[in-house]
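**Q** requesting a structural model of the entry that follows:
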Amino acid sequence: MACLIGVGAAALTGCAQFDKALGQREAVVSFRSGTPVSQRLTVRSTCAKIPAVDAPPLPSDLSSPYALQQLIFRIDHASDADVARLETCLDKFPGVVGVTLQDSSDAGG
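**A** Predicted coordinates for the structure are as follows:
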């Protein structure tokens, strides 16, 4: 009996994690080669002010040539209008060459 309870609890935990993953959405921003980290930081701070758009914490080593090669904004709770505002904000920066919207269904095989 205890074994069945343990299996049931593990299944519920797995379902809760799966449900949480389903709501994950992000905007992945790509930059033109040679765009300085300072401009990438400006894009991050400016466009993260849009409601329901969150920028994850900065990497610890911003002096790396690979720092912020791509910028990821979490848009889990963003409306279509919020996403449109984000795209409009990104369009103002010449170093931005594209944005890819992804959700948890895009991950995997």
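**Q** show me what counts as buried in stretch 26-41.
**A** Residues of stretch 26-41 classed as buried: 26, 27, 29, 31, 35, 39, 40, 41 (neighbour count, 16 or more other Cβ atoms under 10 Å). Every C-beta, even on glycine, is put in place using the N, C-alpha and C of the backbone.
**Q** quick one: residue 72 and residue 24 touch, right?
**A** No: using Cβ atoms under 8 Å, residue 72 is not in contact with residue 24, being 11.2 Å away.
**Q** how many residues are close by the nearest residue to residue 50 once chain neighbours are set aside?
**A** Distance criterion Cβ to Cβ, 6 or more residues apart in numbering; nearest residue to residue 50, sequence neighbours excluded, is residue 85 at 4.8 Å. By other Cβ atoms under 10 Å, 18 other residues sit near residue 85.
**Q** how much space separates residue 85 from residue 41?
**A** From residue 85 across to residue 41, the span is 20 Å (Cβ to Cβ, to the nearest Å).
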